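Undergrad: model this:
(one chain, ligands or ions: 1)
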Amino acid sequence: MKPAIILVSETRCDELLDEFGRYARDYELPTATSAHEAKLAAKRVVAEGGQVAMFVTESRLPDADVHEAFHWWRQTVPTARRVIAAHVSTFREDAERLRGGMAKGKYDAYLLAPRGARDEEFHTAICELLSDWGSTVAEPEVVAVALVSPVEDALTLSIRDYLDRMGLPNRVYAPESEKGRHVLALVAAESGEAEFPLFMDLNQRVGSARSVRDVASAIYGRPADVDVDRVVDVAIVGAGPAGLAAAVYASSEGLSTVVLEAEAVGGQAGTSSMIRNYLGFPRGISGMRLAQRARNQAIRFGTQFFSGWPVTSLVPGEVDAEGVLAPHRLRTEGGDLLARAVVVSAGVKYRRLDAPGIERLVGLGVHYGSAMTAAREMEGADVVVVGGGNSAGQAAIHLARFARTVTILVRRASLAETMSSYLVGEIAYNPRISVLACSEVVEGGPGEDGRLGWVTVRNTADGTQERRECRGLFLLIGAAPHCDWLPDEVVRDERGFVLTGRDVPQDRWRDGLPPESLETTVHGVFAAGDIRAGSMKRVASASGEGASVVPLVHAWLDPSH
Ligand SMILES: Cc1cc2nc3c(=O)[nH]c(=O)nc-3n(C[C@H](O)[C@H](O)[C@H](O)COP(=O)(O)OP(=O)(O)OC[C@H]3O[C@@H](n4cnc5c(N)ncnc54)[C@H](O)[C@@H]3O)c2cc1C
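TA: Next comes the predicted model:
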């Protein structure tokens, strides 16, 4: 059954149908002349076991304001993409009234309906939204990796998560299904050992997966595949935005470049369902898509990627008797890599909240770290901020501009011990913010629309629990840099963030000079992105630093050094 794109217009359904004719092979195209009719059409599709991929509506409807209509449709099908294709006669007039709703996530795109053939700008927007819908909601039509398992256990789920983040469509088949039997037969013929889950990639390579890495290395290889005697110009540790940008710029400028990534490509950004503040993407872009695009771009310039391989240590190169600096050595469990320059872009990890129901709502009302982007979606909502540090205080103050109420939850008896007093004062003054001391979130769950709807809060002093409505949960419970693999020679601040340039204490400067701006205390080892002390902790700043590090790497590799 084909998914549906529901086209809604009081008087111009024919025009919309004509315009969307190019999608008829892959989608049903039911039409509706009012918000109510569209809702019934969506209910019909769902009742017949189908899926609604998208609603496309004019900016004016006869029976409801378009925001209200989106609200009804969202209740029926929370996952469908929602688009306004405004007619030229109302486009300008309605833009001001309606665009605010887009910023708050009420719908996905405000477009001018095409006025002639081949309006590819319009259709690019539609295709991108359908592609996002397809990769997050629908079962894939073409499966790049088939998994065979009798149950979707934790290992199978983490393999799927890895494959999703790598942009590889995947599906789990039962062992007794046709596909399951086919994979079992191939595994039996190859090794005889068939421990679930099994996997098969597009090239019919099969195997038993005892870890995510088994699948990662079967598809993408292992660092030992790089010729041991070969010294690469630059090795990049971590493939978040900083590492990806460094890879694109380094390889595009002719440097031999290898990226070693512990998990899936994309870093923290790859886990974001929609990055709305990245330059050049007016409708936002999912972190996974941004990461895949950057990875493909870097591969086109010749970067080699190894994902699923954490670097376990860095052994800085030493100067030999002739004064020549040996290459740096990066160790992984899949082999060592020698590199003349290293970019450390291993980012940070936000401490996760270990409470049932929360993790699967990340991006759907639950947010780790920065509250800036998501705050606008919180208009009129009751939100909870967890954390007692300055970042939690700043987030609460920012959120209170939008939300109806903001509750700061802290385990301690007050904020005073952990937050700057000016913030404590501002919070006390703000009538929308309240502080709940001695408390913690112990559970959460979705509301009707599939986004966060409630949390359960436990009083740590007396053990009592209370369930409260909550549309936004902002977790600012600390972020720690991924730096345990770095040697002591790479100097860090007291929290483990890597010091570069003038931030390096003077007693570690060489010949009275600080390292270059993004250089660490080890010659030829640079740092970019969130792991760097003083960095801004944003996608754009991380990728900016990744790009900026490349001229410094170039200068370092220059033979006159
Ligand atoms: C859920 C979420 C949503 C966000 N939304 C936004 C947003 O909308 N806008 C915005 O500007 N910012 C957002 N941020 C912040 C933004 O994602 C980060 O600032 C950015 O990703 C930092 O990039 P980075 O490359 O420095 O590090 P990271 O993205 O943290 O990437 C570091 C990578 O290094 C890898 N790594 C770690 N240790 C090793 C090792 N030993 N060996 C090999 N690899 C290693 C990690 O697995 C990771 O993939 C969001 C963050 C999160 C968590």
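Undergrad: Show me which residues of the protein sit near the ligand.
TA: For the chain, the residues in contact with the ligand (CB under 6 Å from any ligand atom) are 237-243, 260-263, 267-269, 271-272, 275-277, 310-311, 345-348, 350, 362, 368-370, 373, 482, 485, 529-530, 537-540, 542. (C-beta placed from N, C-alpha, C; glycine too.)
Undergrad: List only buried entries from those residues.
TA: Neighbour counting over the residues of the chain next to the ligand (16 or more other CB atoms under 10 Å) leaves 237-243, 260-263, 267-269, 271-272, 275-276, 310-311, 345-348, 350, 362, 368-370, 373, 482, 485, 529-530, 537-539, 542 as the buried ones.
Undergrad: Let's see which of the residues of the chain next to the ligand end up in strands.
TA: Val237, Leu260, Glu261, Val348, Tyr350, Tyr368 (DSSP state E).
Undergrad: Can you pick out the most distant pair from those residues?
TA: Leu260 and Tyr368 (24.2 Å; CB to CB).
Undergrad: what would the ones in strands among the residues of the chain next to the ligand look like in CSV with pLDDT and distance to Ser439?
TA: Shown next, in CSV, are these (pLDDT from 0 to 100; distance: CB to CB, whole Å):
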residue, pLDDT, distance to Ser439
Val237, 98, 39
Leu260, 97, 41
Glu261, 96, 37
Val348, 93, 26
Tyr350, 80, 20
Tyr368, 83, 19
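Undergrad: For the biggest helix by length in the chain, buried residues please.
TA: Across the chain, the longest stretch assigned as helix under DSSP state H is helix 539-557. By neighbour count on 16+ other CB under 10 Å, the buried set for helix 539-557 is 539, 541-550, 552-554, 556.
Undergrad: Closest one of the ones in strands among the residues of the chain next to the ligand to Ala64?
TA: So of those, ranked by how close each gets to Ala64 (CB to CB), first place is Tyr368, at 35.7 Å.
Undergrad: my guess is the closest one contacts Val362, does it?
TA: Yes: under the criterion of CB atoms under 8 Å, Tyr368 makes contact with Val362 at 6.9 Å.
Undergrad: I'd like the next helix or strand past the helix or strand of the chain with the lowest mean pLDDT.
TA: When each helix and strand of the chain is scored by mean pLDDT, DSSP states H and E, helix 372-375 comes last, with a mean of 68. Scanning forward in sequence from helix 372-375 by DSSP states H and E, the next helix or strand is strand 382-386.
Undergrad: Sheet partners, orientation included, of that following strand?
TA: Take DSSP bridges as the rule and strand 382-386 pairs in its sheet with strand 405-409 (parallel), strand 472-475 (parallel).
Undergrad: Those into CSV, with extra columns for mean pLDDT, mean neighbour count and distance to Ala428?
TA: Below are these laid out as CSV (pLDDT from 0 to 100; neighbours: other CB atoms under 10 Å; distance: least, CB to CB, whole Å):
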stretch, mean pLDDT, mean neighbour count, distance to Ala428
strand 405-409, 96, 23, 11
strand 472-475, 95, 25, 19
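Undergrad: so can I have CSV of those showing distance to Asn459?
TA: Output for the strands paired with strand 382-386, formatted as CSV (distance: least, CB to CB, whole Å):
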stretch, distance to Asn459
strand 405-409, 10
strand 472-475, 18
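Undergrad: now for these, which one comes closest to Arg25?
TA: Shortest distance between Arg25 and the strands paired with strand 382-386, using CB to CB, is found for strand 472-475: 40.1 Å.
Undergrad: where does the protein dip in pLDDT?
TA: In the predicted model, the chain carries pLDDT under 70 at residues 103-105, 138, 227-229, 370-373, 559-561.
Undergrad: How many residues are close by the closest residue to Phe301 other than its chain neighbours?
TA: In space, and not counting its chain neighbours, Phe301 is closest to Ser251: 3.7 Å by CB to CB, 6 or more residues apart in numbering. Ser251 has 25 neighbours, counted by other CB atoms under 10 Å.
Undergrad: show me where the stretch 151-300 of the chain has helices.
TA: Here the stretch 151-300 of the chain has its helices, by DSSP state H, counting those that start in this stretch, at 154-165, 178-190, 212-220, 241-252, 267-270, 287-300.
Undergrad: returning to what we had before: my read is that the residue nearest to Phe301 contacts Thr257, right?
TA: Yes: here Ser251 reaches Thr257: they are 4.3 Å apart, a contact under CB under 8 Å.
Undergrad: Identify the contacts common to these two.
TA: Counting by CB atoms under 8 Å, 6 or more residues apart in numbering, the shared contacts of Ser251 and Thr257 are Ala298, Phe301, Gly302, Thr303.
Undergrad: show me the contacts for the first one.
TA: This points to Ala298. Taking CB under 8 Å, 6+ apart, one finds Leu244, Ala247, Val248, Ser251, Thr257, Val259, Phe305 in contact with Ala298.
Undergrad: hmm, try it at 7 Å
TA: Shown in contact with Ala298 (CB atoms under 7 Å, 6 or more residues apart in numbering): Leu244, Ala247, Val248, Ser251.
Undergrad: Not counting its neighbours along the chain, what's nearest the first one?
TA: This means Leu244. Per CB to CB, 6+ apart, closest to Leu244 is Ala294, 3.9 Å.
Undergrad: any idea how far the one you found is from Ala355?
TA: Separation of Ala294 from Ala355 (CB to CB, to the nearest Å) stands at 33 Å.
Undergrad: neighbour-wise, which of those two wins?
TA: Neighbours per residue (other CB under 10 Å) separate Ala294 from Ala355, with Ala294 holding more: 25 against 18.
Undergrad: Does the more buried one touch Ala246 like I think?
TA: No: the criterion here is CB atoms under 7 Å, and Ala294 misses it with Ala246 at 10.5 Å.
Undergrad: quick one, phi/psi of Arg532?
TA: Phi and psi for Arg532, reported as degrees, to the nearest 10, are phi -80, psi 130.
Undergrad: oh, I was asking about Ala86
TA: phi -80, psi 140.
Undergrad: So what pairs up with it in the strands?
TA: Leu112.
Undergrad: which ones are touching the closest residue to the ligand within the stretch 51-200 of the chain?
TA: Using CB to the nearest ligand atom, Arg165 is the residue of the stretch 51-200 of the chain that sits closest to the ligand, at 9.2 Å. Arg165 makes contact with Ala264, Gly266, Gly270, Met288, according to CB under 7 Å, 6+ apart.
Undergrad: closest to Glu121 out of the strands paired with strand 382-386?
TA: Among the strands paired with strand 382-386, strand 472-475 comes nearest to Glu121, with 33.3 Å by CB to CB.
Undergrad: and the closest one, C-alpha only, in PDB?
TA: Only the C-alpha atoms of strand 472-475 are listed here, as PDB (Å, rounded to 0.1, in the frame of the first residue of the first chain):
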ATOM      1  CA  GLY A 472       9.700  20.000  27.600                       C
ATOM      2  CA  LEU A 473      12.400  18.400  29.600                       C
ATOM      3  CA  PHE A 474      15.900  20.000  29.400                       C
ATOM      4  CA  LEU A 475      18.700  18.000  30.900                       C
END
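Undergrad: gap between Pro30 and the ligand?
TA: Distance, Pro30 to the ligand, by CB to the nearest ligand atom, to the nearest Å: 34 Å.
Undergrad: Which residue is the nearest non-sequential neighbour of that residue?
TA: In space, Pro30 is closest to Ala41, 4.8 Å off (CB to CB, 6+ apart).
Undergrad: repeat for Gly389
TA: Leaving aside its chain neighbours, Gly389 sits nearest to Thr418 (5.6 Å; criterion: CB to CB, 6+ apart).
Undergrad: ok, whichever residue of the stretch 351-500 of the chain sits closest to the ligand - contacts?
TA: Distances between the stretch 351-500 of the chain and the ligand by CB to the nearest ligand atom are smallest at His482, namely 3.4 Å. Contacts of His482 were listed using CB under 7 Å, 6+ apart, and they are Ala346, Gly347, Val348, Lys349, Ile531.
Undergrad: could you redo the last one with a cut-off of 8 Å?
TA: His482 touches Gly238, Ala262, Ala346, Gly347, Val348, Lys349, Ile531, counting by CB under 8 Å, 6+ apart.
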